[in-house]
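**Q** prediction below, plus the sequence it came from.
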Amino acid sequence: MTYQSVNPYDGKILQTFEELSDQELESALERAASCFATWRHKSFAGRAIVVARAAAIMRLRIDEFARPVTLEMGKLIDQARGEVALSADILDYYAQNAERFLAPQHLTLNCGQADIESSPFGVLLGIEPWNFPYYQLARFAAPNLMAGNVVMVKHAGCVPQCADAFERLWLDAGAPEGAYTNLMISYDQVNGVIADPRIKGVALTGSCDAGRVIAARAGQNLKKSTLELGGSDAFIVLEDADLDKTVEWAVWGKMNNTGQCCVAAKRFIVLEPLADHFLEKFQTALAALEPGDPMEETTTLGPLSSESALIKLLDQVSRAIANGATLILGGQRINRPGAFMLPTILTDIEPNNPAFREEFFGPVALFFRVKNEDEAVMLANHSDFGLGGSIFTKDVARGQRLASRIDTGMVFINHPTWTAPDLPFGGIKNSGYGHELSASGIHEFVNKKLIRVALISDLA
Ligand code: NAP
C-alpha cells in the first residue's frame, strides 16, 4: 500500500489511503486547469488574502498540524511545531512580497522602450519528500499560488495525513477548488501527469534516483523542472573555532530531524589541532541523547521515519565498515520497539570506500581530520553533491574567503545550516538545480515576457 501512515515509534499502522483512479485523476486535472483560468486573473491582493489566511490558520491550529508529523514520521513534537510555524512564515512572506517580486521590469535601452512582464505558467506538479511534510509543500505552493499558478502535489507515501491536512488548509483558507490539489497517485500516474499538456512545470524535492527519473520525464515532454536533491554537507572546523559552541552546533546540525535533512551536517572536517578535542566532546554529546516517545517534550532522540529507512542506513554503515571505515560510536539499532538508531560516528573513510560518495540520511556522522584549510576545502569539494556546508572560525573574514572556494549552493559561517523565507535555497552538482524560497523561488515558473515598443519608422 503506497499511502499509509505507520507510526515509526511503535510500528503501528494508523491509517491507509486509497490511490486515485485514473478517472478521479482526470477530474482533478480538469478542476486544476479550469481553476487556473480564473486564479491567474485574480489580483495579487486577492491571492494574498487567501495565502495569508492559510498562514493564520496554521498558527492558530499549530498542534493540530504538528501531531500528524510526529505520528507519521517521528519528528520530535517541538520540532514539528517549529516546522508548522516556519511554513506559516513562508506563506506570509510570499503573500506580502509576491507583487513586488513580480512587478514589471522596465529596461533602459539605447533606443525604443521595453518591459519584462512576469506571467504564470499554469498548472504545476510538485513531487515532495516526507522529511519536512509541510515546509516542503509551503516552499512550493506559496510562491506559485501567489504568482498565479495552481499546484498539484504528489506527496511521499508515508505522510498521507499531512498531505491531506495541507490540502484541507487551502479550502479552509478560501482558495477555490483546484488551486491546491493533493494527488495520491502511483509512479505510473505521475509519469502520465508530467506528460499531460495541462501540466506546465515540475518541481521535485527528493533523492538523486528520483531526480534522474523525473527530470528525464520532464525533459522528454519539454517541461521546465527544478530539482532539490540530496546532499553531503561539510561541517568544517578551523583551529581557532570556539570549541564548546561549535560542538553544540555540530550536534544540532547532525541531529535536527534525527539527521534526516538534505542540509544536515554529514561530513565533519576538523583541522588537526582541534580534532581530538572536538571528537571527544561530540561523541559524548551524541551518546547523551535519550531515545523516547517523540510526542514527549523531554525526548531528545526520536525514531527514524520508517523501519525501511533504518534498515537502509544500518546497511550503509555495515558496508562502510566492510570497506575500511572505523566505527567510533553507535552503528546499531536501539534495542526497543520502533525505528530507533544509535547516533553513529564513522572515521577512516577513504575515497575508495562507497561511503565516501554516499548520502547518509540519518544520525550518522562521517569524521575526517585534515592538516590545514586547503585540505579542508579540497575534501569538502571532493563530493558528487553540492548543496550546503558550514565553516566554524572566530575569524569571519577568513571564513568568508573559504566559503567562496566551496562548490555548493549555500555556505553558512558559524552555524551549520539555516533556512528562512528570505534565504534562497538550492544546490549544484548532484544536489539539483533551481531555487526555492526568497525572490528566486517565485521566478522559477513564470514567463519572463519581453514587450518592446519601437517607432514604426525605425526601419533597420
Ligand atoms: P525519494 O524517495 O526520492 O522520494 C521523494 C518523492 O518522490 C516522494 O514523493 C516519492 O514518492 C517520489 N518518487 C520517488 N521516485 C519516484 C518515481 N520514480 N516516480 C514518481 N515519484 C517518485 O526521497 P525521500 O526518501 O522521500 O527524501 C529524502 C531525499 O530527499 C534525500 O536525498 C534528501 O536529501 C532529499 N531532500 C532534498 C531537499 C532539498 O531541498 N534539496 C529537501 C528535503 C529532502 P513515494 O514516497 O511514494 O516513493
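**A** Looks like it came in fine.
**Q** residue ranges of the helices in this protein, please?
**A** Along the chain, counting by DSSP state H, helices occupy 22-39, 44-60, 62-73, 77-101, 135-147, 160-172, 187-195, 208-220, 243-255, 272-287, 307-322, 373-381, 396-404, 438-442.
**Q** buried residues in the first one?
**A** Same thing as helix 22-39. 25, 28-29, 31-36, 39 (16 or more other CB atoms under 10 Å). Glycine gets a C-beta too; all of them are placed from N, C-alpha and C.
**Q** what do you get for the second one?
**A** Of the residues in helix 44-60, 44, 47-48, 50-55, 57-58 count as buried by neighbour count, 16+ other CB under 10 Å.
**Q** also stretch 267-276?
**A** 267-271, 274-275.
**Q** check contacts around the closest residue to residue 231 other than its chain neighbours.
**A** Once flanking residues are discounted, residue 231 sits nearest to residue 387: 3.0 Å by CB to CB, 6 or more residues apart in numbering. For residue 387, the contacting residues are 229-233, 262-263, 408-410, 427, 431-432, by CB atoms under 8 Å, 6 or more residues apart in numbering.
**Q** do that again at 10 Å, thanks
**A** Residues near residue 387 by CB atoms under 10 Å, 6 or more residues apart in numbering: 228-233, 261-264, 266, 359, 408-410, 417, 425-432.
**Q** burial count for residue 312?
**A** 14 (other CB atoms under 10 Å).
**Q** mind checking pLDDT for the closest residue to it other than its chain neighbours?
**A** Excluding the flanking residues, the one nearest residue 312 by CB to CB, 6+ apart is residue 361, at 8.0 Å. Listed pLDDT for residue 361 reads 98.
**Q** tell me the spacing between residue 361 and residue 311.
**A** 12 Å (CB to CB, to the nearest Å).
**Q** contacts only, for the residue nearest to residue 312.
**A** Contacts of residue 361 (CB under 10 Å, 6+ apart): 131, 207, 230-232, 258-262, 264, 266, 304-305, 309, 312-313, 316.
**Q** go on, residue 28?
**A** 20, 152, 177-178, 181-183, 185, 193.
**Q** look up how far the ligand lies from it.
**A** Using CB to the nearest ligand atom, to the nearest Å, residue 28 is found at 16 Å from the ligand.
**Q** now do residue 124
**A** From residue 124 to the ligand the distance is 15 Å (CB to the nearest ligand atom).
**Q** not counting sequence-adjacent ones, nearest residue to that residue?
**A** Using CB to CB, 6+ apart, the closest residue to residue 124 is residue 201 (4.7 Å).
**Q** pull the contacting residues for that neighbour.
**A** Shown in contact with residue 201 (CB under 10 Å, 6+ apart): 120-126, 144, 149, 151, 194, 218, 223-226, 444-446.
**Q** how about the residues of the stretch 201-350 of the chain near the ligand?
**A** Selection of the stretch 201-350 of the chain residues close to the ligand by CB under 6 Å from any ligand atom yields 205-207, 210, 213, 228-231, 262.
**Q** possible to save those as CSV with neighbour count and pLDDT?
**A** Putting these into CSV (neighbours: other CB atoms under 10 Å; pLDDT from 0 to 100) gives the following:
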residue, neighbour count, pLDDT
205, 26, 98
206, 22, 98
207, 15, 98
210, 18, 98
213, 18, 98
228, 27, 98
229, 27, 98
230, 25, 97
231, 29, 98
262, 28, 98
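**Q** biggest separation within those residues, which pair?
**A** 213 and 231 (19.0 Å; CB to CB).
**Q** contact partners for residue 27?
**A** Contacts of residue 27 by CB under 10 Å, 6+ apart are 20-21, 178.
**Q** and it, how close does it get to the ligand?
**A** For residue 27 relative to the ligand (CB to the nearest ligand atom), the value is 21 Å.
**Q** what of residue 289?
**A** 22 Å.
**Q** same question, residue 47
**A** With CB to the nearest ligand atom as the criterion, residue 47 and the ligand are 25 Å apart.
**Q** same check on residue 408?
**A** On the measure of CB to the nearest ligand atom, residue 408 and the ligand end up 11 Å apart.
**Q** same deal with residue 319?
**A** Per CB to the nearest ligand atom, residue 319 is found 17 Å from the ligand.
**Q** with residue 396 instead?
**A** 26 Å.
**Q** any idea how far the residue nearest to that residue when sequence neighbours are not counted is from residue 7?
**A** Using CB to CB, 6+ apart and skipping residues adjacent in sequence, the residue nearest residue 396 is residue 413, 6.2 Å away. Distance from residue 413 to residue 7, counting by CB to CB: 39 Å.
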